[in-house]
Each structure stands twice: as structure tokens, then as C-alpha cells.
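[1] Please find the sequence and the predicted model below.
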Amino acid sequence: MNTVVPDEALVERTVRGDTRAYDELVCRWQSVIYNLVYRMLGKEHEAEEVCQDAFTAAYLNLKNFRRESKFSSWLYRIAINLSTSHLRKRQRTPTDSLDEMTERGVSAEIEAVQWNLNGGPSVEARLLERDRARHVRRAIGKLADEQRVVLILKEYQGLTFKEISEVLNVPVSTVKTRMYAGLNEMKRHLNHAGLQGN
Amino acid sequence: MNCQQFKEKTLDFLYEEVSEEERQELTGHVQSCSRCRDEVNSLKLVRNEMAEWKDPAERAFPVAIPYPSPWSALKQWLVPGEWSWRSAASFAMAAGFIVLCAFSILGTEIHISNQGFEFRADLFRSARPRSNPNTSIDRGVISPAASSNQSISTQEVAGMIQASETRQQQLLRSEEERLVNQLTNSYRTQLTGLTRTMDSKHRLDLANIYDNLEQQRLADLQRIRLTFSSLDERTAQQAQQTQQLVDIIQKASYQPK
């Protein structure tokens, strides 16, 4: 039977100098962390960069990792901190305000037409779907940092309130307060965009 | 359950992080209270809308970790933390101690003379008897210079040679005895084996076999005796030669310079 080596054992091996153990940790968590960072930043190439930075920072600070929390919680925290500082940096130097869909431009339309020709949803439905996703992304982008993080961890990463409280190092009640406020903010933004309830 | 209690559990209910008992209780309240039902439904709509933002496509991009080089990994293993002058000095001292230990084990000698350095490593030198500087004997050669300077040392040499001869003769004698005993035991064993294995009609030949074996034994003994006599003679000759050599050395040591 193939048993999965726990993260903590791989961390111990990495600290002792086994780089292959850390490669395994990267392989195990790359997709999850990329997903989280992408939700935070909304841009794929920036998400890749921050994801890379998160794994590098985690490796370099692995000796300081206290075993009180799970490795995944610690890694989440690093990725969130880096994403937040990246967002602040982006706000200070606004070079490109276009979102992913606009960046793709015509290629997205071509892709939609091709998908339709292959028997997928109609171009109209596909574009509508993209439009709704864009509104959601923008609404999330308008949230306060602390609300956005909680919403992403809960809604897209599927963490429990207790796990989120471990990641953010705040009480569960605080997590719920932020979550509730975040959902209400989302409701307001989506109503404003005329999407909710459609 | 009242609305205030429901509000505290709204999120747990929405994300199904409640026990079965609590879920039933909360569901009952939602069904009976239109305000709380509207609240839950509006939050569900937000959740549904958020689900429109799908996960990004799986992207296999390489994550390059700046792993340390083998040398820095070794440094880190030897001296964890920052590499300071103090840790470098400690490391150098430890390395020097290890090298000294290795030299000691290998029996290394370093001679410094006008010709320069002479480096010699002999792993098993310590197992051999060291040469005595008074007698100045090295690899069986008596140094003439040493013998002319110290006449007493030649007498010691003579004593040592005499002792060596005596010891050699004793060894030869004990070896002769050992061989004779071994041979006798061998004959005895063969005879016993023959007696056991032969049947009655062959027992008559036993006397003849015994005679043959006895003759063979005597012949073997004679050969051994001759061999040892020869060895004795040779030993005596060597002793005589050695004595002559010692006499020559003694005479040379008393010659006026």
C-alpha cells in the first residue's frame, strides 16, 4: 500500500538537507497556493511570480517554522502576506489596470467561437459567463484585504473557519465577523452591478 | 431558537459546519422565520455568484528553489548559522586536530634538514622493534662508525648473538620433538584403523604391514635426524662466522686512531 508521507516529515527531512523532500512539498502544494494567489491578485503571470516567491521564502525560513501549526497553514500565511504586499505595491505603481479578460483581448473571443463550433455553449452564453466572472473578480478586488482573504480561503480554498483562524492567527469569531462583512459587501457590489439574482 | 441565536450560527449553517442536531434546529427556524430565511437566501445567492469565477486552468510552471551548493550545505552542517571568524577558527582547529590524529595513526615522520623536508608515512612501523641507538644496528648491518666510537656495544652484540643461537637451537630441538611425536601418532592412528577395518583372513598380513610401517618410520626418523644435523652444522657455521666478525670488530675498535 502506498502511504502518503505527512508534510511535517517532509519538513524535517528538508531541514536536515534533503532537497528532494522539499521538491515533493512544492509538488504537493503548488496548485493550491497558485490558486489562492491567483484569487488574490487576479492575474496569472503575477500569481506565478508570487507563488515562486512564496515557496522560496518558505524554504529559506523553514528553520524558523514552529511546529505549533500545520505546514500548510504556515505556507498559506506566507502566500497571503506576499500577495497582500504585492497588491499594495501594485496600487502604488498602477501600470496596468486591465484585467485578465481584456488582456487576452481578441484571442478570448476566438477561443469562445472555437468552443462553440466544437459543440460547447453558445458564444453568447460563454461571453456572459466570462462577464459574470469578471464582475465577481472586480467585486472581490474591491473588498478590504482582511475580508477578501477570508472569503477566498473559505469560498475557493474550502477551509473550515477553524483552519482559517489558524492560518490568519486570529480567533474563529473574528474570522466569522470578517466573513459576514465580506459577504454583505459582495452582495452590495454585485447588486450594484445588477448581477445578483439573475 | 430566536433570531439572535440564529444569526450567530448563520455562517455555520450556510457552510454546513454544524452537527446534525444543530442543522435540524436551524432549518426549523429558517422555515418559520421569513426574515432569517431571506437573509440566508441572499447569502446563498452571493455564494452562487462567486462560484461563477471558476478555478484557473491547471498550469504546470516550474518553481525554482535556490537550493544551497554542496559546499555551503557542508558549511551549514558543520557550523549551523552565520559563518563568522570565530566559527572559522573553530573549524580550522578541529581540522588540524583531525590531521594530527591521522598522522599519528599512519606513523608519519617529518624531518626538516638542510636538504629540505623529508616526509615519510609508515603505517606498520610501530609494530616492528625500533633500532637501539647504542648498538646502532639497522637492518642487520653494524655501523663501523658507531662500533669504533663505542667498544662496549660490540660486547653487547656478541651477547645478543649468543642468546640468539641458544634460542634457535632450542627451537630446533622442540620442533624435532614435535615432528617425531606427530609422526608416531600418525602411525598409531593408521594401525588402529587397519585393525578395525580388516577382516579375519587379512589379519595374518598385519604383522607384515606393521613391519613395513616400522621400517618406514625408522627411515623417516633417519631423514629427520639428518636434516636437523645439517641444520645444526649450518647454524654452527653461521655462529662461527658471526664470532669471527665480532672479533674483527673488537680488534678494529681497539686500534689506535
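    Sure, I can see it.

[2] Show me the residue at the heart of chain A, geometrically.
    residue A:36 (1.6 Å; Cα atoms, centre = their mean).

[3] right, is the helix or strand where that one lies up against chain B?
    Here residue A:36 is covered by helix A:19-41, with elements defined by DSSP states H and E. Yes. Residues of helix A:19-41 contacting chain B under Cβ under 8 Å from any Cβ of the partner chain: A:19, A:22-23, A:26, A:30-31, A:34-35, A:38-39. Every C-beta, even on glycine, is put in place using the N, C-alpha and C of the backbone.

[4] returning to what we had before: doesn't residue A:149 make contact with the residue nearest to the centre of chain A?
    No. Taking contacts as Cβ atoms under 8 Å, residue A:36 lies outside contact range of residue A:149: 9.2 Å.

[5] Please identify every residue contacting each of these two.
    Taking Cβ atoms under 8 Å, 6 or more residues apart in numbering or on different chains as the contact rule, residue A:36 and residue A:149 both touch residue A:80.

[6] mind listing what's buried in stretch B:220-237?
    By 16 or more other Cβ atoms under 10 Å in any protein chain shown, stretch B:220-237 has no buried positions at all.

[7] contacts for it?
    Residues contacting stretch B:220-237 (Cβ under 8 Å, 6+ apart): B:165, B:168-169, B:172, B:176, B:179-180, B:183.

[8] closest to chain A among those residues?
    Closest to chain A out of those is residue B:168 (63.1 Å), distances taken as Cβ to the nearest Cβ.

[9] And the helices in the chain?
    Since you didn't name a chain, this refers to chain A. Counting by DSSP state H, the segments of chain A that form helices are A:7-15, A:19-41, A:44-60, A:71-92, A:100-104, A:106-117, A:123-142, A:145-155, A:161-168, A:172-192.

[10] not what I meant, chain B
    With DSSP H as the criterion, chain B has helices spanning B:3-14, B:20-32, B:34-50, B:70-78, B:85-106, B:144-149, B:152-197, B:206-254.

[11] Show me the contact partners of the second one.
    In other words, helix B:20-32. B:1, B:3, B:6, B:9, B:12-13, B:16, B:18, B:36-37, B:40.

[12] roughly how far out does that helix sit from the chain middle?
    When C-alpha coordinates are averaged (Cα atoms, centre = their mean, to the nearest Å), helix B:20-32 and its chain have centres 76 Å apart.

[13] follow-up on the earlier one: now the contacts of helix B:20-32 as JSON lines including distance to residue A:185, pLDDT and neighbour count?
    Output for the contacts of helix B:20-32, formatted as JSON lines (distance: Cβ to Cβ, whole Å; pLDDT from 0 to 100; neighbours: other Cβ atoms under 10 Å in any protein chain shown):
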{"residue": "B:1", "distance to residue A:185": "27", "pLDDT": "77", "neighbour count": "15"}
{"residue": "B:3", "distance to residue A:185": "22", "pLDDT": "88", "neighbour count": "12"}
{"residue": "B:6", "distance to residue A:185": "21", "pLDDT": "89", "neighbour count": "19"}
{"residue": "B:9", "distance to residue A:185": "21", "pLDDT": "90", "neighbour count": "18"}
{"residue": "B:12", "distance to residue A:185": "20", "pLDDT": "92", "neighbour count": "18"}
{"residue": "B:13", "distance to residue A:185": "20", "pLDDT": "92", "neighbour count": "20"}
{"residue": "B:16", "distance to residue A:185": "23", "pLDDT": "91", "neighbour count": "7"}
{"residue": "B:18", "distance to residue A:185": "24", "pLDDT": "90", "neighbour count": "17"}
{"residue": "B:36", "distance to residue A:185": "20", "pLDDT": "92", "neighbour count": "20"}
{"residue": "B:37", "distance to residue A:185": "22", "pLDDT": "92", "neighbour count": "13"}
{"residue": "B:40", "distance to residue A:185": "17", "pLDDT": "92", "neighbour count": "19"}
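
[14] Among those, which one sits closest to chain A?
    The closest of the contacts of helix B:20-32, once distances to chain A are taken by Cβ to the nearest Cβ, is residue B:12, at 7.5 Å.

[15] so the closest one sits right up against residue B:6, yeah?
    No. The pair residue B:12 / residue B:6 is not scored as a contact, 10.4 Å apart, by Cβ under 8 Å.

[16] For chain A, give me the ranges with low pLDDT.
    Residues of chain A meeting the criterion pLDDT under 70: A:1-2, A:94-122, A:193-198.

[17] before we move on, back to that, ok now do the residue nearest to the centre of chain A, which residues does it touch?
    Residue A:36 touches A:76, A:79-80, A:83, A:152-153, A:156-157, counting by Cβ under 8 Å, 6+ apart.

[18] same thing but 7 Å
    A:76, A:79, A:152, A:157 (Cβ atoms under 7 Å, 6 or more residues apart in numbering or on different chains).

[19] which one of those is nearest chain B?
    Taking these together and measuring to chain B by Cβ to the nearest Cβ, the closest member is residue A:152, at 9.6 Å.

[20] Tell me the residues of chain B that contact chain A?
    Residues of chain B found near chain A (Cβ under 7 Å from any Cβ of the partner chain) are B:11, B:15, B:17, B:42-43, B:45-47, B:49-50, B:52-56, B:58, B:61, B:63-67, B:73, B:77.

[21] picking up where we left off before, run the angle between the helix holding residue A:36 and helix A:7-15 for me.
    120 degrees (axes from the mean of the first three to the mean of the last three Cα atoms, to 10 degrees).

[22] Please point out which parts of helix A:19-41 sit buried.
    Under the neighbour-count criterion of 16+ other Cβ under 10 Å, helix A:19-41 has A:21-22, A:24-26, A:28-30, A:32-41 buried.

[23] residue contacts, residue 172?
    Let's take chain A. Taking Cβ under 7 Å, 6+ apart as the test, what residue A:172 contacts is A:161-162, A:165.

[24] let's do chain B instead
    Contacts of residue B:172 by Cβ under 7 Å, 6+ apart are B:228, B:231.

[25] if I look at it, how far off is residue B:228?
    6 Å (Cβ to Cβ, to the nearest Å).

[26] now do residue B:156
    In terms of Cβ to Cβ, residue B:156 sits 30 Å off from residue B:228.

[27] same check, this time on residue B:27
    For residue B:27, the distance to residue B:228 equals 115 Å [Cβ to Cβ].

[28] Kindly report the same for residue A:19.
    Taking Cβ to Cβ as the measure, residue A:19 falls 74 Å from residue B:228.

[29] And for residue B:217?
    Distance of residue B:217 to residue B:228, given as Cβ to Cβ: 16 Å.

[30] Closest one of the contacts of helix B:20-32 to residue A:140?
    Within the contacts of helix B:20-32, proximity to residue A:140 (Cβ to Cβ) peaks at residue B:40, which comes in at 21.3 Å.

[31] which non-adjacent residue is nearest that closest one?
    The shortest distance from residue B:40 to any non-neighbouring residue, by Cβ to Cβ, 6 or more residues apart in numbering or on different chains, is to residue B:30 (5.8 Å).
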